[in-house]
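K.L.:
coords please:
(4 chains)
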2 protein chains.
Amino acid sequence: MADLLNLNRLVYFTTVMETGSFTSAADRLGVAKAVVSHQVGRLEEELGATLLQRTTRRVTPTEDGRLFYDRAMIILREAESAYGEISQAAVEPSGTLRLTAPLDYGTRVVAPVMAAYLKAYPQMRVEAIFDDAVSNLVDEQIDLGIRVGWLADSSNQARRLGTIQQIVVASPAFAADLPADANPNQARSLAWVGNAQLRGVGQWLFSKDGDTVLTELNPVVVCDKSPAAYACVIAGIGLGIFPDYAVDEDIVGGRLVRIFAQWTLPTGGIHAVFPPARFRPAKVRAFVELLAAAERKRARGVARG
Amino acid sequence: MADLLNLNRLVYFTTVMETGSFTSAADRLGVAKAVVSHQVGRLEEELGATLLQRTTRRVTPTEDGRLFYDRAMIILREAESAYGEISQAAVEPSGTLRLTAPLDYGTRVVAPVMAAYLKAYPQMRVEAIFDDAVSNLVDEQIDLGIRVGWLADSSNQARRLGTIQQIVVASPAFAADLPADANPNQARSLAWVGNAQLRGVGQWLFSKDGDTVLTELNPVVVCDKSPAAYACVIAGIGLGIFPDYAVDEDIVGGRLVRIFAQWTLPTGGIHAVFPPARFRPAKVRAFVELLAAAERKRARGVARG
DNA sequence: TAAACTGTCTGATTTAATCAGACAAAAGCA
DNA sequence: TGCTTTTGTCTGATTAAATCAGACAGTTTA
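P.N.:
Reported below is the predicted structural model:
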């Protein structure tokens, strides 16, 4: 069935109908006139009917030809619109954006970006899956995943949006009990709140001016959800390690105090990962741009703070 | 514009959507799966958008893909219907048949065939142009021309349907005044009614058993329309030469008498001529078949009579 | 009558489509 | 964990299609 009709020939025929001659049709299409003659001939052959009566001087459509022209124009217009719609979708965001992000990063960073995104593209809809669990982008039909930390699998394409800093914090009350010269070397003897979601729960590499201290922590509490661990730290259970975006506000607000401020922990990355696809829809590209801008802005804020 | 969209690729994409895999789509289409992969890839390239997310195991349509599938199906259905309609028109008569025929042949032979044609194909419409004038088939958009006598131009395609016999007739009263042994040698001295439409008004070649007589006639009246000349002969003005189909009835009815019955004049042909076209519509073919059948039947009748 | 223009044809060339087979990745099975 | 099967894609060679430039006969115009 597919072999019998070659839809590409329609445009040759309709152009001849519109221009009234093979020569001018060839002109308009930018091909040799022999091509138009050949293609229309093949079309007639496929249909088993004559569409155009041609003398050396004049081209006249047959009844079939007039009939078929109307049908062909509907097809071509429909095709043009379909192609245009999709091609434009590659330029102008449309439809629904499904994204996933870690819960804390989602609430702190992604949510505001979503607001900006929806304001910029009011026709869009967003489905956000905020979960620390790493889900399969293809199975879940997710357009965009945001991963914080270190990328595990790399079958997906990814783009680095920014950097996160791991920060050791404690509640002001807990911090007050610490010795003034506290440093990572005493880490094992302190009370920690562990976060099962973050990699390296077991060992942490502190560094400061070339010195490095690799130490194991001794969590008195381990939570499998970041917000829960965070709440434990706020409550003064112990020290916690969290990404900068999670603690910024509470440090500024005085609800948390930074510990070991002179020391740094390994930095992680903030990545946008995409399902395997040759072309990225505009809706995804637009969101990633906004998110990257927010990340840049946040990085400047962290640098200042 | 034409270069940017290759409509033939649509069927590859839609088949993948329907079968859910490139392999089974290739199966259904009867091509190598590499072809499906390549064609869908090119389609996505043309659109600048990804339609299908493919892992090695599963094919999932993107939102664009689902959107485009609906559009593509509309296009393909429309195309199939358009092709089918025209192709069927090449098989089943439809539309309007425009034909032209000489006035007398039209009224005597074509009109009854038209009745049979419309009975066989009630959906058809016929526009008949009965006129001895030879009209241009292309300019007048005529599907079928019927020419009696000798074909002049041959830029059109033609098919011979039958033979006409030129017959010398006179009214019974006029015939009664003729000598019993009248023969073509005395033709110049007799009163003739000329018909400007028929070729050879000036000279006629009579033959009988090998003998031939080439003689000029001496018309006392020349008419430019066959029916007029015919009426003159009926009225007893003189001898006339008419095709067999025109005089058969009146000879049987006794209103005319055949003269020089032993002699024959050059036979002419009855031709169906068609505008230049590669394929002949079914509506034309069907009519010509009926006409040819009528001609064969008439030929048998003439032979008997 | 000459010149311009029509649609078609021809042979050569270029481009696209296609195939068979190989391949890595993923899923199912042992 | 290995092994097999199945997935979509890739590769190089082959085949088919499209295309072009130029020639041609028929028609119209000047």
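
K.L.:
let me know the secondary structure of the residue lying closest to residue A:121 once chain neighbours are set aside.
P.N.:
The shortest distance from residue A:121 to any non-neighbouring residue, by Cβ to Cβ, 6 or more residues apart in numbering or on different chains, is to residue A:93 (4.7 Å). All C-beta atoms are positioned from the backbone trio N, CA, C, and that covers glycine. Assigned with DSSP: H, G, I helix; E, B strand; the rest coil, residue A:93 falls in the coil class.

K.L.:
what pLDDT does residue A:93 get?
P.N.:
At residue A:93, the pLDDT value in this model is 88.

K.L.:
what's the spacing between it and chain B?
P.N.:
11 Å (Cβ to the nearest Cβ, to the nearest Å).

K.L.:
with residue A:140 instead?
P.N.:
10 Å.

K.L.:
what do you get for residue A:33?
P.N.:
15 Å.

K.L.:
what number of residues lie near that residue?
P.N.:
By the criterion of other Cβ atoms under 10 Å in any protein chain shown, residue A:33 has 15 neighbours.

K.L.:
identify the residue nearest it in space, chain neighbours excluded?
P.N.:
residue A:26 is the one closest to residue A:33 (Cβ to Cβ, 6+ apart), at 3.8 Å.

K.L.:
show me what contacts that neighbour?
P.N.:
A:32-33, A:35-36 (Cβ atoms under 8 Å, 6 or more residues apart in numbering or on different chains).

K.L.:
does residue A:262 count as helix, strand or coil?
P.N.:
What three-state DSSP gives for residue A:262 is coil.

K.L.:
what's near enough to touch the closest residue to it other than its chain neighbours?
P.N.:
Distances taken as Cβ to Cβ, 6+ apart put residue A:208 closest to residue A:262, at 5.3 Å, once the chain neighbours are dropped. Shown in contact with residue A:208 (Cβ under 8 Å, 6+ apart): A:262-264.

K.L.:
any low-confidence regions in the stretch 1-150 of chain A?
P.N.:
A:1-4 (pLDDT under 70).

K.L.:
contact distance from DNA strand D - what residues of it qualify?
P.N.:
A:6, A:8-9, A:30-35, A:38-39, A:42, A:55-57 (Cβ under 7 Å from any atom of the strand).

K.L.:
in strands only, show me the residues you listed.
P.N.:
Using DSSP state E, the subset of those located in strands is empty.

K.L.:
and those, which are buried?
P.N.:
A:8-9, A:31, A:39 (16 or more other Cβ atoms under 10 Å in any protein chain shown).

K.L.:
so for the lengthiest helix in chain A, what gets flagged as buried?
P.N.:
When chain A is parsed with DSSP state H, its longest helix is helix A:63-89. For helix A:63-89, burial by neighbour count (16+ other Cβ under 10 Å) applies to A:63-65, A:67-69, A:71-72, A:74-76, A:78-79, A:82-83, A:85-87, A:89.

K.L.:
so it versus helix B:63-89, what angle?
P.N.:
180 degrees (axes from the mean of the first three to the mean of the last three Cα atoms, to 10 degrees).

K.L.:
look up phi and psi at the residue in the stretch 151-300 of chain A that DNA strand D sits nearest to.
P.N.:
The nearest approach of the stretch 151-300 of chain A to DNA strand D comes at residue A:278, 8.2 Å away (Cβ to the nearest atom of the strand). Dihedral pair for residue A:278: phi -70, psi -40, per degrees, to the nearest 10.

K.L.:
distance check, it against residue A:295.
P.N.:
Computed as Cβ to Cβ, to the nearest Å, the residue A:278 to residue A:295 distance reads 26 Å.

K.L.:
of the two, who's got more company?
P.N.:
residue A:295 (20 against 14).

K.L.:
that one contacts residue A:162, correct?
P.N.:
Yes: between residue A:295 and residue A:162 there is a contact under Cβ atoms under 8 Å: 3.5 Å.

K.L.:
mutual contacts of the two, please.
P.N.:
With Cβ under 8 Å, 6+ apart, residue A:295 and residue A:162 have common neighbours residue A:270.

K.L.:
circling back to that earlier point, now do the SS call for the residue nearest to residue A:33.
P.N.:
Going by three-state DSSP: residue A:26 is helix.
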